[in-house]
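> sequence plus the predicted model coming up.
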Amino acid sequence: MVHFDPFPGEQLSDTIERHAIAESPAERYKTFIVSSIKRDCFKRTAGCNGRRSLFFAAGLASLGLVLMPSPARCQAQTEAQTQAEQPPPAQQPSSGIINGTVVDATGAAVAGARITLTRENQPAGEVAADSGGAFFFANVPPGPFQLTITAKGFSTQTSSGVLKAGDVLNLPAIAMSLATVVTEVHVTPAAEAKVELAAEEKQRVLGIVPNFYVSYVPEAAPLAPAQKFQLAWKASVDPVTFIITGATAGLEQATNYYSGYGQGAQGYGKRFGATYANYVTATFIGSAVLPALLKQDPRYFYKGTGSARSRFLYAFGNTFFCKGDNGRWEPNYSNLAGNLIASAIGNAYDPPSNRGVGPTFEGALIGIGATGAANVLEEFIMSKLTSNIPRHNHPTP
């Protein structure tokens, strides 16, 4: 309860007015109520009536309403006080640092190594190791990361981890291993065919008779046009070829075959020349010129597997079918046309009694049949008598 003490010689009403001048409206109202209560009490002691008592009660209730704070005001004051008492949130660091070193297998620093930082599968930076192999990344956002380390002469290395916010991550030393030196040799078909052809030119029956036109490599590389002519020339000038030609001419003279050539040295010379010319013509046209133009392989490819019947049909069938340079089987136009052309050319210098269309086709058929017989001998007999065969590349018959 507010109590006013009047100055000496001053009435209570004057004292209330003096205080009201210096106070706020709310305080003046409060003071007014208090003073009214005092007056009421004073009058009650002097015999005031019930109406004054009612005014006293109403004034007391009004004072309670003024002094009692409202719920909204109390809640606002509570929230303001709570916010004032809570400390401001501490600012969390949002980035960190990654440190590391790059060394070799001996522990020596790998200066100049390139380190690439990757985050979320996206490059986030790249640095180079210093002279001591050290490196660091600053201002790195927190989260998973991966490092890719490359250096000349070393294999690529990777390192991964998770960086926490504000952390300084010191990685273990990253050891680089020496790069494996891989030497790739790309062999072109022409180069591969050259190697195979060199091996074929060493093949001889009983170590004497040339057996150059047989391949014991199932998937041999196709011959280039120049290599087809090289093989024909090699077979034509081989010393054994001249020996066989001489023996054939002698047999013809002994049986007086091509009687128009006569006998004696002159007749033998004509027979020798005609026989050699027929061989060279058939070899170059049927095994070089036409195969080069038609892209066909003039060689016989040894089979060596299957039943005797299948091998026989395969060998004789090669007279009419051959491998193309593309590896596919196709009609052997080179052999068929080559024998016919060679017989027609030979018919031009045969004795007059042996010339004509009939002898020309007869000679062509003989050449075709001889090719088939030679293939069958190659499949069943010559392979067992031929030296320098790359047997690790062909099946055993």
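That came through fine. Because the structure is predicted, anything quoted here is derived from the model rather than measured.

> what about the spatially closest residue to residue 225 that is not a sequence neighbour, how many residues close to it?
Nearest non-adjacent residue to residue 225, counting by C-beta to C-beta, 6 or more residues apart in numbering: residue 292, 3.9 Å away. For the C-beta atoms, the positions are set from N, CA and C on the backbone; glycine is no exception. Residue 292 sits with 20 neighbouring residues when counted by other C-beta atoms under 10 Å.

> quick check: mean pLDDT of the strand or helix carrying residue 292?
Using DSSP states H and E, residue 292 falls within helix 290-294. Across helix 290-294, the average pLDDT comes to 97.

> the residue lying closest to residue 346 once chain neighbours are set aside and residue 149, how far apart?
The shortest distance from residue 346 to any non-neighbouring residue, by C-beta to C-beta, 6+ apart, is to residue 278 (4.7 Å). Taking C-beta to C-beta, to the nearest Å as the measure, residue 278 falls 74 Å from residue 149.

> one step back: show me what the helix holding residue 292 is in contact with.
With contact meaning C-beta atoms under 8 Å, 6 or more residues apart in numbering, helix 290-294 is reached by 223, 225, 228-229, 296-298, 333-334, 337-338.

> tell me the domain ranges of the protein?
As given by automatic domain parsing, the domain ranges for the chain are 1-69, 96-175, 189-393.

> out of the ones you listed, deepest packed?
domain 189-393 (a mean of 17; mean count of other C-beta atoms under 10 Å).

> before we move on, back to that, for the domains of the chain, which has the smallest mean pLDDT value?
Among these, domain 1-69 scores lowest, with a mean of 46.

> contacts only, for the residue nearest to residue 372 when sequence neighbours are not counted.
Leaving out its chain neighbours, the residue that sits closest to residue 372 by C-beta to C-beta, 6+ apart is residue 319, at 4.0 Å. Neighbouring residues of residue 319 by C-beta under 8 Å, 6+ apart: 332, 335, 368, 371-372, 375.

> distance to residue 128 added to the residues you listed, as a markdown table?
A markdown table is the format used below for those (distance: C-beta to C-beta, whole Å):
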| residue | distance to residue 128 |
| --- | --- |
| 332 | 66 |
| 335 | 68 |
| 368 | 75 |
| 371 | 71 |
| 372 | 74 |
| 375 | 69 |
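
> among those residues, name the ones in strands.
Applying DSSP state E to the contacts of residue 319, no entry is found in strands.

> these two touch, right, residue 314 and residue 379?
Yes - at 7.2 Å, residue 314 and residue 379 qualify as touching, with contact defined as C-beta atoms under 8 Å.

> shared neighbours, the two?
Taking C-beta under 8 Å, 6+ apart as the criterion, residue 314 and residue 379 both touch residue 303.

> quick one: residue 292 from residue 327, how far?
In this view, residue 292 and residue 327 are 17 Å apart by C-beta to C-beta.

> also residue 96?
For residue 96, the distance to residue 327 equals 63 Å [C-beta to C-beta].

> do residue 209 as well
When C-beta to C-beta is applied, the distance between residue 209 and residue 327 equals 29 Å.

> before we move on, what about residue 212?
When distance is defined by C-beta to C-beta, residue 212 is 21 Å away from residue 327.

> what's the answer for residue 335, then?
18 Å.

> repeat for residue 95
Look at residue 95 and residue 327: by C-beta to C-beta, they are 63 Å apart.

> could you do residue 194 as well?
Residue 194 is 18 Å from residue 327, where distance means C-beta to C-beta.

> now residue 305
Residue 305 is 19 Å from residue 327, by C-beta to C-beta.

> quick one, helices of the chain?
Taking DSSP state H as the criterion, the chain carries its helices at 12-22, 25-45, 50-67, 71-85, 189-200, 225-236, 239-254, 264-284, 290-294, 308-317, 333-349, 357-377, 383-385.

> elements contacting the fifth one?
It refers to helix 189-200. strand 214-215, helix 225-236 (3 or more C-beta pairs under 8 Å, 6 or more residues apart in numbering; DSSP states H and E).

> what angle separates it from helix 225-236?
Between helix 189-200 and helix 225-236, the angle comes out at 10 degrees (axes from the mean of the first three to the mean of the last three C-alpha atoms, to 10 degrees).

> what does helix 189-200 contact?
Outside helix 189-200, the residues within contact range by C-beta under 8 Å, 6+ apart are 212-215, 217, 220-224, 227, 230-231, 299, 388, 390.

> spit out the contact partners of residue 344.
Residues in contact with residue 344 (C-beta under 8 Å, 6+ apart) are 360, 364.

> next one: residue 125
Residues in contact with residue 125 (C-beta under 8 Å, 6+ apart) are 116-117, 137.

> so which of those is the closest to residue 169?
Within those, the smallest distance to residue 169 is 9.3 Å, found for residue 137 (C-beta to C-beta).

> how far away is residue 289 from residue 331?
For residue 289, the distance to residue 331 (C-beta to C-beta) stands at 17 Å.

> check residue 371 too.
Distance, residue 371 to residue 331, by C-beta to C-beta: 14 Å.

> disregarding residues adjacent in the polypeptide, which is nearest to residue 136?
Among residues not flanking residue 136 along the chain, residue 99 sits closest, at 4.6 Å (C-beta to C-beta, 6+ apart).

> doesn't residue 170 make contact with residue 96?
No - here residue 96 lies out of contact with residue 170, judged by C-beta under 8 Å, at a distance of 11.2 Å.

> name all residues that make contact with residue 148.
Counting by C-beta under 8 Å, 6+ apart, residue 148 touches 115-116, 118, 156-158.

> kindly recompute the last result at 10 Å.
By C-beta atoms under 10 Å, 6 or more residues apart in numbering, residue 148 lies in contact with 114-118, 123, 126, 156-160.

> go on, residue 337?
285-286, 290, 294, 364.

> tabulate those (a markdown table), appending distance to residue 323.
Below are the contacts of residue 337 laid out as a markdown table (distance: C-beta to C-beta, whole Å):
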| residue | distance to residue 323 |
| --- | --- |
| 285 | 19 |
| 286 | 15 |
| 290 | 14 |
| 294 | 12 |
| 364 | 22 |
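
> closest to residue 243 out of those residues?
Closest approach between the contacts of residue 337 and residue 243, by C-beta to C-beta: residue 286, at 22.0 Å.
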